[in-house]
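> Test case, fold it:
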Amino acid sequence: MSKDHTKVLIGRFDLDGHDRGILSVIHALRNAGMEVVYIHFSHPREVVKSAIEEDADLIGITSSLGQHSLVASSLLDELQNSNAHIPVIMGGVIPSTDVPGLTSLGVKGIFGPGSTPKQAVSFISELV
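Predicted coordinates:
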């Protein structure tokens with residue numbers, strides 16, 4: 001049986017109180033016909049577990065606390081250890097100087113300051 005829609009798991013670190021941007025992205029994804037699962041997490045292991053359980057097509061992580069490199073590294077390690085092949089994108093307050101490091105880790109798309117929800121929807125539609 002094949003899926004008839006894209007399922008995106010969106011995660012936000014428990015201590016990250018900035019959610020205005022991610023809520024806009026969630027709204028845009030749902031308006032584009034995608035199913036969205038939104039979780040708060042304290043360890044990337046929780047994200048991977050949820051993504052596998054939910055059969056997510058993509059993981060999107062928001063970061064506004066400056067921990068994006070550590071979270072991305074841990075998350076991608078957890079995915080590899082779980083043998084889960086789920087692409088990861090990140091958004092939030094991510095300095096452009098950190099983008100090359102994140103992409104070299106394996107993050108498929110980065111949406112920093114100035115990005116729009118429409119850009120995220122288009123990128124996810126093309127990637128998945």
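> Would you mind finding the longest helix in this structure?
What stands out as the longest helix in the chain, according to DSSP state H, is helix 68-81.
> Which secondary structure elements does that helix sit against?
helix 44-54, strand 58-63, strand 88-92, helix 99-105 (3 or more C-beta pairs under 8 Å, 6 or more residues apart in numbering; DSSP states H and E). (C-beta placed from N, C-alpha, C; glycine too.)
> in the lowest-mean-pLDDT helix or strand in the chain, what's buried?
Least confident element among the helices and strands of the chain, by mean pLDDT, DSSP states H and E: helix 20-31 (a mean of 91). Neighbour counts over helix 20-31 (16 or more other C-beta atoms under 10 Å) mark 21-22, 25-26, 28-29 as buried.
> can I get the helices and strands packed on helix 68-81 in JSON lines with mean neighbour count and mean pLDDT?
Below are the helices and strands packed on helix 68-81 laid out as JSON lines (neighbours: other C-beta atoms under 10 Å; pLDDT from 0 to 100):
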{"stretch": "helix 44-54", "mean neighbour count": "19", "mean pLDDT": "96"}
{"stretch": "strand 58-63", "mean neighbour count": "25", "mean pLDDT": "94"}
{"stretch": "strand 88-92", "mean neighbour count": "24", "mean pLDDT": "95"}
{"stretch": "helix 99-105", "mean neighbour count": "14", "mean pLDDT": "97"}
